[in-house]
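Novice: I'd like to go over a predicted model; first the sequence, then the structure.
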Amino acid sequence: MFRTIALLVLSILTLPAGAQALHPAFTFTAETFAPVARALPEPFKTAVLANPKAFLEDYKSLLGQSSDLLVLVDKKNELPSDYEPDDLVTLRGPAFVVNKSGMKFRKAYLPELTTLVKAAKKEGLTIEISSAYRSWVYQKNTFQAYVNKDGLATAERYSARPGRSQHQLGTVVDLGSVTPDFADTKEGRWMAAHAEEFGFSLSYPEGQEGLTGYVYEPWHFRYIGAEACLVQKKWFGDLQQRLTEFQASQGAAILAALKK
């Protein structure tokens, strides 16, 4: 397996004589890019192969951002039990409206969350933060409480096992009522229309439980960066799960092909 990966990276780094690069910033040719594109399901694969230069141009903006922003955390990919961001800060008023004290968010991305909240306020809206960072232990207790209440099968549709919650990243906020009703509030509609402008992506869209593993959560937003949100919308059907899966499997190969 490792030998195969090494050979793939080597082939990407080395431009064969006479081969035409797909993008001036990358060493990819049509031949070496094909395995990367094949990682995508239809119809995304067809769209990328139809215009690989445009795709690489857009994706290039993601290669310079912190790798933690697109780390894949889902039912199959988990964070270590001792993972905790080292720059967590407590969300406090008057800058933020929180429904309980002690909630934390990554300091590195606090300016973007602040900007979003201020933009909503200018529209007469109040973005109430109901949950943010959760430790592995906190999630373990939360998940078990839901299992005790509703049973394992039901709990797994709306709650993550410890290590598999995006909240442990410190870049996620739950908003408002934390119920489907949030989608029909003024704040919920505003977030659905504008969150991506500020780099916040809806993690669990309606009708995508088969992909994400979780029911529709119109209140759950993860910060991935404005550039990533644009790439997500243009090339991945506006599905964060598709983007993070692709980054997990092909991000290293794309970075290796970037000309130094």
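Specialist: Received the coordinates, thanks.

Novice: so this structure: which segments form each domain?
Specialist: Listed by automatic domain parsing, the domain ranges of the chain are 2-65+247-257, 68-224.

Novice: and the ones you listed, which one's lowest on average pLDDT?
Specialist: Among the domains of the chain, domain 2-65+247-257 carries the lowest mean pLDDT, a mean of 85.

Novice: for this protein, what spans make up the strands?
Specialist: 88-90, 97-98, 104-106, 128-131, 172-175, 200-202, 220-223 (DSSP state E).

Novice: the third one pairs with which strands, parallel or anti?
Specialist: Within its sheet, strand 104-106 is paired with strand 88-90 (antiparallel), according to DSSP bridges.

Novice: could you pull out the buried residues of the partner strand?
Specialist: Residues L88 are the ones in strand 88-90 that count as buried (16 or more other C-beta atoms under 10 Å). For every residue, glycine as well, the C-beta is placed using N, CA and C.

Novice: what does stretch 231-247 give?
Specialist: Under the neighbour-count criterion of 16+ other C-beta under 10 Å, stretch 231-247 has 231-232, 235-237, 239-247 buried.

Novice: now tabulate these in CSV and tack on distance to T27.
Specialist: Converted to CSV, these look like this (distance: C-beta to C-beta, whole Å):
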residue, distance to T27
V231, 20
Q232, 25
W235, 21
F236, 24
G237, 28
L239, 29
Q240, 28
Q241, 29
R242, 25
L243, 23
T244, 25
E245, 24
F246, 19
Q247, 19
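
Novice: of these, closest to L258?
Specialist: Taking C-beta to C-beta as the measure, L258 lies nearest Q247 of these, at 14.2 Å.

Novice: sorry, back to before: out of the strands of the chain, the one nearest H23 is which?
Specialist: Distance to H23, taken as C-beta to C-beta, is lowest for strand 200-202 among the strands of the chain, at 25.1 Å.

Novice: hmm, who's touching the closest one?
Specialist: Residues from elsewhere that reach strand 200-202 (C-beta atoms under 8 Å, 6 or more residues apart in numbering): 112-113, 116, 173, 191-192, 195, 217-218, 220-224, 228-229, 232, 240.

Novice: can you check which helix is longest in the protein?
Specialist: If each helix of the chain is counted by residues according to DSSP state H, the longest one is helix 240-257.

Novice: got the residue ranges for the helices in the stretch 101-250 of the chain?
Specialist: 110-122, 136-150, 152-158, 186-194, 209-212, 226-235, 240-257 (DSSP state H, counting those that start in this stretch).

Novice: of all those helices, which one comes closest to L70?
Specialist: With C-beta to C-beta, the closest approach to L70 among the helices of the stretch 101-250 of the chain belongs to helix 240-257: 4.4 Å.

Novice: just the buried residues of the contacts of strand 200-202.
Specialist: 112-113, 116, 173, 191, 195, 217-218, 220-224, 228-229, 232, 240.

Novice: how far off centre is the longest helix of the chain?
Specialist: With C-alpha atoms, centre = their mean, to the nearest Å as the basis, helix 240-257 stands 12 Å off its chain's centre.

Novice: separation between A119 and L49?
Specialist: Taking C-beta to C-beta, to the nearest Å as the measure, A119 and L49 are separated by 37 Å.

Novice: now swap in V89 and tell me
Specialist: V89 is 43 Å from L49, by C-beta to C-beta.

Novice: and if you look at D238?
Specialist: Using C-beta to C-beta, D238 is found at 20 Å from L49.

Novice: cool, and E217?
Specialist: Going from E217 to L49 by C-beta to C-beta gives 32 Å.

Novice: cool, P111 as well?
Specialist: Applying C-beta to C-beta, the value for P111 to L49 is 37 Å.

Novice: no more questions from me, cheers.
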